[in-house]
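S.K.: Fold the following for me, if possible:
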Amino acid sequence: MRHFGTQTETLEGTLISSPTSIVGDANGGNQQTYNGMVIRTDDNRIVLNPTGEVEVLTLPAGLISKPTLVWDIDSTKAGNNTVELSYLTN
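M.R.: The predicted structure is shown next:
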């Protein structure tokens, strides 16, 4: 749904990209903005950063509905390895 003053527009289509994520460094400095919500409407329009509410009737295959972090690590050595990871979030 998009709101224009007192008017509301309902968009039906496919969610192509999730809402915006803002990531900053550990000291609160340099922030990077990634993605932005993108919807392809049923009439093939592409809508960038629509505001409002997104409602889906069913969860698409592969969509993770709760906060999840998945790591895929490549190693030159097979078997158990010791790794050090860091992850910054608000």
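
S.K.: what's the helix or strand for Val47?
M.R.: Assigned by DSSP states H and E, Val47 falls within strand 46-48.

S.K.: Tell me the helices and strands packed up against that strand.
M.R.: strand 38-41 (3 or more CB pairs under 8 Å, 6 or more residues apart in numbering; DSSP states H and E). To be clear about C-beta, it is placed using only N, CA and C from the backbone, and glycine gets the same treatment.

S.K.: Name every strand pairing with the strand it packs on and say which way it goes.
M.R.: Strand 38-41 has its sheet partners listed here by DSSP bridges as strand 13-17 (antiparallel), strand 46-48 (antiparallel).

S.K.: Show me the contact partners of the strand holding Val47.
M.R.: Residues outside strand 46-48 that contact it (CB atoms under 8 Å, 6 or more residues apart in numbering) are Leu11, Gly13, Ile16, Gly36, Met37, Val38, Ile39, Arg40, Thr41.

S.K.: Appreciated, that's everything.
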